[in-house]
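# Sequence first, predicted model second:
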Amino acid sequence: MRQLGIALILLLSGTLHFARLGQEGLANLYYAAGVKSMLMNWHNFFFVAFDPGGFITIDKPPLGFWLQTVSAEIFGFGGWSLILPQALAGVTSVYLTYILVKRYHGEGAGLFAALVLALTPIFVAASRNNTIDGLLVVVLLVAVRVFLPATEELSLKKLLLAFFLIGVGFHIKSLEAYMILPAFYFTYFFTSYGNFKKKAIHLALATVVLIASSLPWFIAVDSISPENRPYVGSSETNSELDLATGYNGLGHFLGYGVRMPGRQGQARIPLNTPPADGVAQGQPPAAINPAGQPMPQPLAAMRQPGGETGPPGFSRLINRQLGGQIGWLLPLALMGIVLALFQFHRQALSEKSRMKLLFWSCWLIPQMVFFSVAQGAHRYYLVMMAPAIAALVGISFCTLAEWSRGEGKRRFFLPAALLVSTGVQVWIVAGYDEWRSWMLPAVACAGMAAILLLVWLSRNGRVRTRWNRLALMTAAASFLLAPFAWSLTPVLYGSGNAAFPFAGPDLNPESRMSSASGGMFNLFGRLPGVDTGKLEDFLLTHRSGEKYIVAVPNARVAAPLILDTGQPVMTYGGFMGAEKILNAAKLEDLVAGGQVRYILIAAGNSQQSEVDEWVRAHGVPVPDDQWRTPETADPAPNGTGAGMRRMSMRLYECRI
C-alpha cells in the first residue's frame, strides 16, 4: 500500500512534467541555439558556444547544457529532447524528497512532502522548459541524501562527497548552488554535542573539496588564450570566473543584470524598477528582429510595480507575482520551523528527527531572505526553495495531524495552521479576476470546512476516531486545491514565456491580453508575424566563402537564424546587445579577412555606436525588398506593446 502511494504521486508528477510537452516547442531559443551549436563539434561543446562559429558562449556554466546536448544527440534535436533532462530531474526530485523525509519523519510525512513538491506550480513550469534550475535541484538533493547520514556518523568521506556534489552543481548554475551551504554548515556543526574541533576540521576539508570541485572547468577556460576560444558571453572581462561571480552571481542579488556586461562604469539599475511608459526603467532599447519589428523586453509587459517579482520586502513571496508560484503553503512550512524549536524545548522528537527538521529550516530561511530582497532574480529561480518548503510542509502536517488527535492546546494547532493558510491562499486567488469567482469560494469553503470539522472533533472525543480520517483528508485537500489548479496551467496552456517560465491563470491565452503579470513576451520565442525566411534565403544564396553568414547585434536576433540555418552567425553585441566585444579595428580585420560580409545594425538608437558608424561608413545598404518581408501588422498582442517605439534594422554589405 505504501509503495502504491508514492507510485501514484510519481505518476501524477510525471503527467504534469511530460503531458503535452510538444506545445513548448524549443522553449528558450537562446539556449536551444547553443545546444544546436554544441552538437556540431567538440570545440563548441566544451566551451558551450552559442553559435556554430564559436564566436561567443552562452551565459551559463556547461553541465546542464552538456546533458541537453547528449539528450539531443540520442533522441534527435528538438524541443522534447531539450526539455527531457529537466522533466526527468523534476520527477526524480519528487522521489528523492520522499526518501529524505520518510527516513527521519515517517511514511506519511514523506508522501505528503513528495505530493507538495509535485504540485508546486513554479517547479512544474520550470521543469517543462530548457532552463536548468531543476537539474541543479536534483543534484543538490542527491548531495543531501549523502550529507544527512554523514551528520549522524560524523563521516568525513560522506561529507566530502556531499560537498563535491555541490561543486558539481556549481557547474550547472554557478553561485546558485551555494545557496544550500548554510544548511550544510549549520547542521553538521551542531548536529550533536561535543566534537566541535573535529567537526570544524571536517568542514574545513569539505570546503577545500567544494572549491576544488567547483572550479576546474572555469579555470581551464580562462587559462586558454582568448584568441583560441569563444568570447565569454555576459561577462565583464571575457572570463568564466567573472561571469560566475558577477553577472550570474552577485548580479542577481544586487540587480545589475540590466547593466549590460562589458560596459564598465554604467550605472546599476535594478531589474525590478517599476516600468514607465510601457518600458521597464533601466532597460536598453527594444531589440529588433530580422523582419524589422521590435522584440520587447519581457519586463516591459509587467505593468504592476516591481516587474516580474514585485517590490522587495518580506511580503514579496505571497504577492501577486510570486505568491501563486510558491507561496501557497509558506505558512505551514514556517510552522515547521516553529515546531523544530518547540521540539528542541520539549524533547518530543529524537535527536535525528530534530536536526533534520532544522536542516530543512536552514535551507529555507536564507533563501526566503534572498528572494525577498534580491533585485535581479527571476520567478523560476524559486525552484531552489521548493524542496525545503515541501519537506517542512510534509513534516508539519503530519505532526499537527498527530497532535490533533491528542489532548491539550496542541490539538488546535492544525486548525490554526489551516486558518492562516486559507487566508493566504484567498489573498493570492483574489488577485486573479478570471479565477476569483470560482476558485476563491472553493478555497475558502474547503478551508473552513476542514477547520470546523477539526474543531468539532477536538470537542467530541467519542467520535474523533470515526471522523478523524475524513477531517485530515479535507484538511489536506484544502491545502493543495489551489496549488494543484495552478500546476495544471503549464500543462493546459504551456509554461508561458520561453525565457522566464511561470504558472498560473495568466497562461490562459484569453487572459494574457488584459493581465497585469501574464502578458510577458516570449522573449526567445517567435512572435506572430515575424518572417525571417526571406533574410535567410538571401544570406545563404549570397554567401561566398565567409565564415559567418551575417553579424547581428544581439542573441535574440541570432537565435532564430542559427536554429533555422545551422550556420555561424556572429553576435557582436552579446546576449542583450550591449557587450563591447568588437571595435571598429577588429571588425575591419574580420571583413578584410573574409570572415563576415553582411552586417545587421539598428537603424535608430543603438548600443553599438562604434560598430554602427564603421558599417555605415564602409558598407553598402542592401535594399529592403531583397531581404525583408514587408511589414503588414504589429505582431505584438493588443495592449502589451504600449509605449514601445517601432524601430527597424538595416542590412549592409561590407567589403574591403
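Thanks, I have it.

# which residue is nearest the centroid of this protein?
In the chain, the centroid-proximal residue (CA atoms, centre = their mean) is Tyr380; its distance is 3.1 Å.

# Helices of the stretch 301-450 of the chain, residue ranges please.
Counting by DSSP state H, counting those that start in this stretch, residue ranges of the helices within the stretch 301-450 of the chain are 330-346, 351-373, 386-404, 413-429, 433-459.

# got the buried residues for the longest one?
Under the neighbour-count criterion of 16 or more other CB atoms under 10 Å, helix 433-459 has 435, 439-440, 443-444, 446-447, 449-451, 453-455, 457-458 buried. Placement of C-beta: from N, CA and C, glycine included.

# which among the residues you listed gets closest to Asp612?
Proximity of the buried residues of helix 433-459 to Asp612 (CB to CB) peaks at Trp435, which lies at 47.4 Å.

# How about that closest one: what's its closest non-neighbour residue?
When the adjacent residues along the chain are set aside, Trp435 lies closest to Pro505, with 4.8 Å between them (CB to CB, 6 or more residues apart in numbering).

# try Leu651
If you skip the residues right next to it in sequence, Leu651 has Val622 as its closest partner in space, 4.4 Å away by CB to CB, 6+ apart.

# give me the low-pLDDT residue ranges for the protein?
Applying pLDDT under 70 to the predicted model, the residue ranges of the chain that meet it are 1-2, 193, 255-306, 343-351, 460-466, 510-531, 631-647.

# sorry, back to before: just give me the neighbour total for the residue nearest to Leu651.
Using other CB atoms under 10 Å, Val622 has 18 neighbouring residues.

# Would you confirm that it contacts Cys654?
No - contact between Val622 and Cys654 fails when scored by CB atoms under 8 Å: they sit 10.5 Å apart.

# returning to that earlier point: how close does the residue nearest to the centre of the chain sit to Met649?
Tyr380 sits at a distance of 30 Å from Met649 (criterion: CB to CB, to the nearest Å).

# Gln68 now?
Per CB to CB, Gln68 is found 30 Å from Met649.

# And those two? Which one has more around it.
Regarding Gln68 and Met649, a neighbour count based on other CB under 10 Å identifies Gln68 as having more, with 26 against 23.

# ok, that one - contacts?
With contacts defined as CB atoms under 8 Å, 6 or more residues apart in numbering, Gln68 is in contact with 31, 35, 81-82, 85, 130, 132.

# so Leu29 sits right up against Ala498, yeah?
Yes - counting by CB under 8 Å, Leu29 sits close enough to Ala498 to count as a contact (6.5 Å).

# mind giving me the domain ranges of this protein?
Partitioning the chain according to automatic domain parsing yields domains covering residues 2-219+308-387, 533-654.

# What is the burial count for the closest residue to Val455 other than its chain neighbours?
In space, and not counting its chain neighbours, Val455 is closest to Pro415: 5.4 Å by CB to CB, 6+ apart. Other residues within reach of Pro415 by the criterion other CB under 10 Å amount to 22.

# One more: Leu10?
Other residues within reach of Leu10, judged by other CB under 10 Å, total 17.

# so what does the helix or strand where it lies touch, helix or strand wise?
Assigning secondary structure by DSSP states H and E places Leu10 in helix 2-18. Under the contact criterion of 3 or more CB pairs under 8 Å, 6 or more residues apart in numbering; DSSP states H and E, helix 2-18 touches helix 79-105, helix 107-118, helix 121-127, helix 461-493.

# and the angle for that helix with helix 79-105?
Per axes from the mean of the first three to the mean of the last three CA atoms, to 10 degrees, the angle that helix 2-18 makes with helix 79-105 is 150 degrees.

# Identify each buried residue in helix 2-18, please.
With burial defined by 16+ other CB under 10 Å, the residues of helix 2-18 counted as buried are 5-6, 9-10, 12-14, 16-18.

# got CSV for those, with distance to Arg316 too?
Converted to CSV, these look like this (distance: CB to CB, whole Å):
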residue, distance to Arg316
Gly5, 34
Ile6, 33
Ile9, 30
Leu10, 32
Leu12, 29
Ser13, 27
Gly14, 31
Leu16, 26
His17, 27
Phe18, 31
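
# From those, pick the one nearest Val146.
If you rank these by distance to Val146 using CB to CB, Ile6 comes first, at 20.9 Å.

# what's next to stretch 208-221, contact-wise?
By CB under 8 Å, 6+ apart, the list of residues contacting stretch 208-221 from outside reads 47, 61-62, 160, 163-164, 166-168, 170-171, 177, 229, 232, 240-241, 244.

# rerun that using 6 Å as the cut-off
With contact meaning CB atoms under 6 Å, 6 or more residues apart in numbering, stretch 208-221 is reached by 160, 163-164, 166-167, 170-171, 240-241.

# Return the closest of the residues you listed with respect to Phe55.
The shortest distance between Phe55 and any of the contacts of stretch 208-221, using CB to CB, involves Glu240 and amounts to 15.9 Å.

# Could you check how far that closest one is from Val232?
According to CB to CB, Glu240 stands 5 Å off from Val232.

# These two: which is more packed in?
Of the pair Glu240 and Val232, Val232 is the one with more neighbours under other CB under 10 Å, namely 30 against 24.

# Tell me the gap between stretch 368-382 and the middle of its chain.
For stretch 368-382, the distance from its own C-alpha centre to the chain's C-alpha centre is 10 Å (CA atoms, centre = their mean, to the nearest Å).

# ok, back up a step: JSON lines for the helices and strands packed on helix 2-18, including mean neighbour count and distance to Gly408?
Rendered in JSON lines, the data for the helices and strands packed on helix 2-18 read as follows (neighbours: other CB atoms under 10 Å; distance: least, CB to CB, whole Å):
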{"stretch": "helix 79-105", "mean neighbour count": "23", "distance to Gly408": "22"}
{"stretch": "helix 107-118", "mean neighbour count": "26", "distance to Gly408": "22"}
{"stretch": "helix 121-127", "mean neighbour count": "31", "distance to Gly408": "36"}
{"stretch": "helix 461-493", "mean neighbour count": "19", "distance to Gly408": "12"}
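
# So which of those is nearest Ser192?
Shortest separation from Ser192 across the helices and strands packed on helix 2-18 is recorded for helix 79-105, at 14.7 Å, computed as CB to CB.

# roughly how far out does that closest one sit from the chain middle?
Relative to where its chain is centred, helix 79-105 has its mean C-alpha point 16 Å off (CA atoms, centre = their mean).
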